[in-house]
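Colleague: model this:
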Amino acid sequence: MGMSLGGDDDAPMSNINTTPLVDVMLVLLIIFLITVPVVVESVPVKLPDTRFAPARTKPEDVSLSIRSGANGTCEVFWNLTRVNSQSLSDRAVKKLKSEIDRQGGPQTPGLLLPEVHIRGDVNTPYRCIGGVIYTMQEAGFAKVGFISEPPPGPAAADEQGEQ
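Modeller: Presented below is the predicted three-dimensional model:
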C-alpha cells in the first residue's frame, strides 16, 4: 500500500513496512501482561533458611550408595556390600533394633536414633532412590538425608574453612 508522490519511479523503495512488527509486538505485550501475574502469584509460605553445613557422621549412621545398574536395575550398597530390597529392609530393622537396645531400650529418655545418609549417582532414576527412602522409613529410620558435593568456588572454600 505504498504511494509514490513524485520522484523517480525506477528507484527501489527503501522504506520498511513496520506495521506487522508493531502488531506482533503488541500481541506479545498483551500475552505477557496477562500471563506474568498468573505465574508470579503463589500461595504465601515461609520457606526455611538453609545453609550448607557439612554432615557430621556418627559411627552408628547408615551409609547407602545407589547407582543404576545394567538394564535399568537399581544397585544399592550398604557401606561396600551390595544388598537387594529384602536384605536392605532386614538389615535396616536389625540395625535400628540393635542401636535402640544398645541405648537401653525404646523407653530410654533422649534416645538418639541413627541417620541414613544416601549417596545417589547423578544418573540414577528417582524410582531407585525413592524406593530406598521408602524402605528405610518403613524400617523406622526417622532421618534420611542425602550426601552431595558442594559446587567449587569461594562459597565452598568458606564453608570448608568453618570446619
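
Colleague: in the protein, which helix is the longest?
Modeller: helix 19-40 (DSSP state H).

Colleague: what's the following helix or strand after it?
Modeller: Downstream of helix 19-40, the next assigned helix or strand under DSSP states H and E is strand 62-68.

Colleague: ok so, going back, quick check: mean pLDDT across the longest helix of the chain?
Modeller: Mean per-residue pLDDT for helix 19-40: 84.

Colleague: wait, Ala133 touches His117, no?
Modeller: For residue 133 the amino acid is Ile, not Ala. No. The pair Ile133 / His117 is not scored as a contact, 11.9 Å apart, by C-beta atoms under 8 Å. C-beta: built from backbone N, CA, C; applies to glycine.

Colleague: higher neighbour count, these two?
Modeller: Between Ile133 and His117, counting by other C-beta atoms under 10 Å, Ile133 is the more crowded of the two (20 against 17).

Colleague: once you drop chain neighbours, what's closest to the more buried one?
Modeller: Val144 (5.4 Å; C-beta to C-beta, 6 or more residues apart in numbering).

Colleague: just Phe141 next, same as before
Modeller: Val116 (5.0 Å).

Colleague: Ile147 is in contact with the one you found, correct?
Modeller: No. Under the criterion of C-beta under 8 Å, Val116 is not in contact with Ile147, lying 10.4 Å apart.

Colleague: more neighbours, these two?
Modeller: More crowded of Val116 and Ile147, by other C-beta under 10 Å: Val116, with 23 against 13.
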